[in-house]
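# 3D model of this:
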Amino acid sequence: MTVVTTYLELTDPAAIRPAKPPRAVAEITRVEPPDGAINRWCYETVGADWSWTDHLGRDDAWWQGHAEAVETWLLRVGAQRAGYVELRPEGGAAKLEHFGLLPAFHGLGLGGHLLEFALRRGFALGGRVWLHTCTLDGPHALANYRARGLVPFRVER
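Have a look, this model is predicted:
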């Protein structure tokens, strides 16, 4: 199977297209202080169905360093973790490093809600927000990114 990677960006915060209100009451909070164990759990749990394997097997020190290099925001529905986003400041830009929902929370409009938040926060960190996704990610990932206003700037096959 050929994996296609699409790189997307947004260079103007006015181009963010708002998401519809989610169909569940959700709260987005920053993980402070950074906690590598939370980032590892999110990566492994959210990415389990989507072939997120690049960082499996990394040790605790690597995860803690990673957590300290990104802003991590947790999406919660009640007391349950529902998803997360990591934003990495990069010299006047912000990279959406990891983003996703746990399977039990798909279909509730939470992905658009979290992505809109992430884009707005990304612009607080820099003048451009970007990310990449691939055909191994969730089936709605690319559509969600485009629906919020992100535009492709490179595609790799």
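
# what's the average pLDDT for the lengthiest helix in the chain?
Taking DSSP state H as the assignment, the helix of the chain that covers the most residues is helix 110-125. What helix 110-125 shows for mean pLDDT is 97.

# Of all the residues in stretch 68-88, which ones are buried?
Within stretch 68-88, the residues that count as buried by 16 or more other Cβ atoms under 10 Å are 70-77, 81-88. Heads up, the C-betas are built off the backbone N, CA and C, glycines and all.

# Parallel or antiparallel, list what pairs with the lengthiest strand in the chain.
In the chain, assigned by DSSP state E, the strand with the most residues is strand 80-90. With DSSP bridges as the test, strand 80-90 is paired with strand 71-77 (antiparallel), strand 93-101 (antiparallel).

# what angle separates that strand from helix 110-125?
30 degrees (axes from the mean of the first three to the mean of the last three Cα atoms, to 10 degrees).

# So what's the gap between strand 80-90 and the chain middle?
Its chain's average C-alpha position is 5 Å from that of strand 80-90, according to Cα atoms, centre = their mean, to the nearest Å.

# The longest helix of the chain - contacts with which helices or strands?
If you count contacts as 3 or more Cβ pairs under 8 Å, 6 or more residues apart in numbering; DSSP states H and E, helix 110-125 packs onto strand 5-10, strand 71-77, strand 80-90, strand 93-101, strand 129-134, helix 141-147.
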